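S.K.: Sequence below, structure please.
(chains A and B)
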There are 2 protein chains.
Amino acid sequence: MTVRDQALRARAAASVLAAATRARKDAALHAMADALAKAETAVLDANASDVERAEQDGTGGALIDRLGLTPDRIAGMVDGLRQLASLPDPVGDVVRGWTNANGVQVRQIRVPFGVVGIIYEARPNVTADAAGICLKSGNSALLRGSSSAANSNEAIVEALQEGLVEANLPAEAIQLVSGPREVTNELMAARGLVDVLIPRGGASLIDTVVRNSQVPVIETGVGNCHLFIDATADQQMALDILINGKVQRPSVCNAVETLLVHADIADSFLPKALAALTDRGVTVHGDQRVASYGRVVAAEDQDFAREYLSLDIAAAVVDSIDAALDHIHRYSTGHSEAIVTESQNSASRFTAEVDAAAVLVNASSRFVDGGEFGFGAEIGISTQKLHARGPMGLPEMTSTKYVVTGQGQIRES
Amino acid sequence: MTVRDQALRARAAASVLAAATRARKDAALHAMADALAKAETAVLDANASDVERAEQDGTGGALIDRLGLTPDRIAGMVDGLRQLASLPDPVGDVVRGWTNANGVQVRQIRVPFGVVGIIYEARPNVTADAAGICLKSGNSALLRGSSSAANSNEAIVEALQEGLVEANLPAEAIQLVSGPREVTNELMAARGLVDVLIPRGGASLIDTVVRNSQVPVIETGVGNCHLFIDATADQQMALDILINGKVQRPSVCNAVETLLVHADIADSFLPKALAALTDRGVTVHGDQRVASYGRVVAAEDQDFAREYLSLDIAAAVVDSIDAALDHIHRYSTGHSEAIVTESQNSASRFTAEVDAAAVLVNASSRFVDGGEFGFGAEIGISTQKLHARGPMGLPEMTSTKYVVTGQGQIRES
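M.R.: Numbering: from 1, shown residues only, chains lettered A, B, ... in the order given. Have a look, this model is predicted:
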């Protein structure tokens, strides 16, 4: 079946989903969870064959780790689907409404997008997570996973579709888009059939989709997140936030990638910070001024542009908040940027002048996350300015429609 | 200067605008209005040379009408700028906010996009309107007008920039992007420098931008708007809404382009409707069943897909609301779709099942408009589902930013 045919079926399914009540969608989510739990062995078997092939191909350990499923990870996917059922349904919410002077009533109401395409990399758990979020928000999902996870994704989607059918919803609401690389191009060209594409993965995947798609894209995820320690910072607080941001989970997009330290406190703060980082196995890529405190490797300019996603951090000394703002302006990917300061003026300048999805004062950048924000589910963190910026929950997976009601009013001029 | 250089200057200006208070922006709008009023003769002279060239090139009367400026039209532009000054400023609005269990405070705050590119056709009044809307919402504007209006646009932008400088805001906040066709391509490729592109004009312009832009686009405007007269309609109301939708201002995107009549009332309604339309000079492109009532030219399939923007209307008889919904589903451009009915069930099915920016019950489609919605200003009517759908006012010209404030909180897991 071509992508176009799949998209047409997804659209037909989307009409059914758009009219489905919350109760019906929640019943489907539970049926999907049940079916996935029942399919545990089949999914693990399929996954084992994917992992085996990846190992034969000489794929690296980090990818194999993302690819591999365990009973625990499957249980996590099952729980995720059940948790979605417990969340409020954004569809049908009245965003705003008013009555015009002539008595015409206008209401702006949340409606599903229709068909959402997700393009993602090796993690098979994204298959269930994304499908569940799309379903709960009333959208059909076209899932373009990595070929390295093809067997796992097929087994998961088969189970999810069983759940849909069990709940009397069309199986075509969740489809895997399989095939060679050209298939991704067809998905990106399916304007009018696919309403939005969301790439989830590394910088190069996202860049490819953003540059080539004719379907509107929501850009997610690349985070070169900065932490600026201002001259007035509480130094213990700064250390805690630094270590939390870099070490607690280095592989995620809201981890800290660059440390900037105000020159006025470099002498007192940097030795402690460098010790704390290196004690935890972090490699510090420092500029010359940081290097004077030892324990670092020399940073080149490009090191300040990197999203390490590892136990590495770039570090520089800056002479002022202006220099910090300039550095961030130059290297930021617009994800999450944090300051530690006791100065009201610095905090207010930083939050006003830094152009990012989230700016943080005296709090870890790790808080920029749908779960931490209380959204209950997250499809990704948008780093673009259109439609949604920052963590995207269920309401961000919807559009709106104006419903205008009158008693025969016409326009005079 | 290259488009890239212009965009870089626009970005620098955008930082100043983002920090500008409402009072400062409003003062600039008044200064721009004053400067434009003072430049009336210069603008009219420049416009006369554009019109003369267009006439020499054998350009059609409709385009010349859109291109031509009069003292009244300039006064309209001046008034538009002053009216923008009277509107609330969306920047800085707190969209929502909450405090997490750990005491971390999260606020979602409206911020400008940054740099907005507007690509538009002959109307020179768009130059002042779009520039004013961008300024009020804190965005720099890159204005890519039609070469046919080059002299008019230059004279207008010169006046607007004088106003900016008068109010101590950077002139680069409003720039005309001039030059050959390739310049538009450069604008569409300026991802990272331009935050959003808004094409304003005909279907082919919009399609070109949507297909070729790497910068996120907000699609505006094409409206093949349907009016469905249900079996239970109040026929006088239906006639009023039909004539208002088709005749009052046929050249706009919310005008009615297709009339669908329920078979049960065709005999009583269509003779009156066809007489009313043809009496007002409307050519009816009717299907076979409509043709049986006379006064029509035969419609081909493609006539039902056209946005006439003229005193033409396509018309068909449908056997049921389902047939009406199918027809609309097939031909709708997702702009504004209306039903006239006394049936609660028909009204509720129509509003739920039609997928469009606006659905109307017993009201003229002409109400789908920023002015009628009370937005005070409108940059266009979005027919896409991402970011904004329907009339776009000042808040739709902004993004948001999360400001997260703590007292040293770190993430535990």
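
S.K.: what's the longest strand in chain A?
M.R.: The residue-count maximum for a strand in chain A (DSSP state E) belongs to strand A:398-409.

S.K.: Listing partners with orientation, what would you give for it?
M.R.: Take DSSP bridges as the rule and strand A:398-409 pairs in its sheet with strand A:105-112 (antiparallel), strand B:358-363 (parallel).

S.K.: how far does it sit from the chain's center?
M.R.: Centre-to-centre, strand A:398-409 and its host chain are 32 Å apart (C-alpha atoms, centre = their mean, to the nearest Å).

S.K.: Now for A:Trp98, how many residues are close by?
M.R.: For A:Trp98, the neighbour count with other C-beta atoms under 10 Å in any protein chain shown is 11. Using the backbone N, CA and C atoms, a C-beta is placed for each residue, glycine as well.

S.K.: Which parts of chain A are helices?
M.R.: All helices of chain A, identified by DSSP state H, fall at A:3-19, A:22-38, A:40-56, A:61-67, A:71-86, A:125-136, A:150-166, A:182-189, A:203-212, A:235-247, A:266-279, A:288-291, A:321-331, A:344-353.

S.K.: nearest to chain B, of those?
M.R.: helix A:235-247 (3.7 Å; C-beta to the nearest C-beta).

S.K.: backbone phi and psi for A:Gly221, please?
M.R.: With angles defined as degrees, to the nearest 10, A:Gly221 sits at phi 90, psi -30.

S.K.: Please tell me how far the residue nearest to it when sequence neighbours are not counted sits from B:Pro391.
M.R.: Leaving out its chain neighbours, the residue that sits closest to A:Gly221 by C-beta to C-beta, 6 or more residues apart in numbering or on different chains is A:Cys253, at 4.8 Å. Distance from A:Cys253 to B:Pro391, counting by C-beta to C-beta, to the nearest Å: 35 Å.

S.K.: same question, A:Arg295
M.R.: In terms of C-beta to C-beta, A:Arg295 sits 58 Å off from B:Pro391.

S.K.: ditto for A:Asn212
M.R.: From A:Asn212 to B:Pro391 the distance is 31 Å (C-beta to C-beta).

S.K.: between these two, who's got more neighbours?
M.R.: For A:Asn212 versus B:Pro391, neighbours defined as other C-beta under 10 Å are more numerous around B:Pro391 (28 against 14).

S.K.: shouldn't A:Asp240 be in contact with B:Gly408?
M.R.: Yes. Contact criterion C-beta atoms under 8 Å: A:Asp240 and B:Gly408 qualify, at 6.3 Å.

S.K.: tell me the domain boundaries of chain A?
M.R.: As given by automatic domain parsing, the domain ranges for chain A are A:3-220+A:379-404, A:225-367.

S.K.: got TSV for the strands paired with strand A:398-409, with mean neighbour count too?
M.R.: Converted to TSV, those look like this (neighbours: other C-beta atoms under 10 Å in any protein chain shown):
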stretch	mean neighbour count
strand A:105-112	20
strand B:358-363	27
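
S.K.: Please identify which of the ones you listed is closest to A:Ala358.
M.R.: Nearest of the strands paired with strand A:398-409 to A:Ala358, taken as C-beta to C-beta: strand A:105-112 at 23.5 Å.

S.K.: The closest one vs helix A:3-19, what angle?
M.R.: Here strand A:105-112 runs at an angle of 130 degrees relative to helix A:3-19 (axes from the mean of the first three to the mean of the last three C-alpha atoms, to 10 degrees).

S.K.: circling back: which one of the strands paired with strand A:398-409 lies nearest to A:Gln344?
M.R.: From the strands paired with strand A:398-409, taking C-beta to C-beta, the stretch that ends up closest is strand A:105-112, at 37.4 Å.

S.K.: Find the nearest non-adjacent residue to the residue in the stretch 251-400 of chain A that chain B sits nearest to, please.
M.R.: Proximity of the stretch 251-400 of chain A to chain B (C-beta to the nearest C-beta) peaks at A:Ala363, 3.0 Å away. Closest residue to A:Ala363 apart from its sequence neighbours, by C-beta to C-beta, 6+ apart: B:Gly406 at 3.0 Å.

S.K.: pretty sure that neighbour contacts A:Asn362?
M.R.: Yes. Using C-beta under 8 Å, B:Gly406 and A:Asn362 qualify as a contacting pair, with a distance of 4.8 Å.

S.K.: Turn the helices of chain A into TSV, columns for distance to A:Arg96 and mean pLDDT.
M.R.: Below are the helices of chain A laid out as TSV (distance: least, C-beta to C-beta, whole Å; pLDDT from 0 to 100):
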stretch	distance to A:Arg96	mean pLDDT
helix A:3-19	21	96
helix A:22-38	21	98
helix A:40-56	44	96
helix A:61-67	41	83
helix A:71-86	26	96
helix A:125-136	23	96
helix A:150-166	33	97
helix A:182-189	33	94
helix A:203-212	31	88
helix A:235-247	37	98
helix A:266-279	47	97
helix A:288-291	50	96
helix A:321-331	35	97
helix A:344-353	27	97
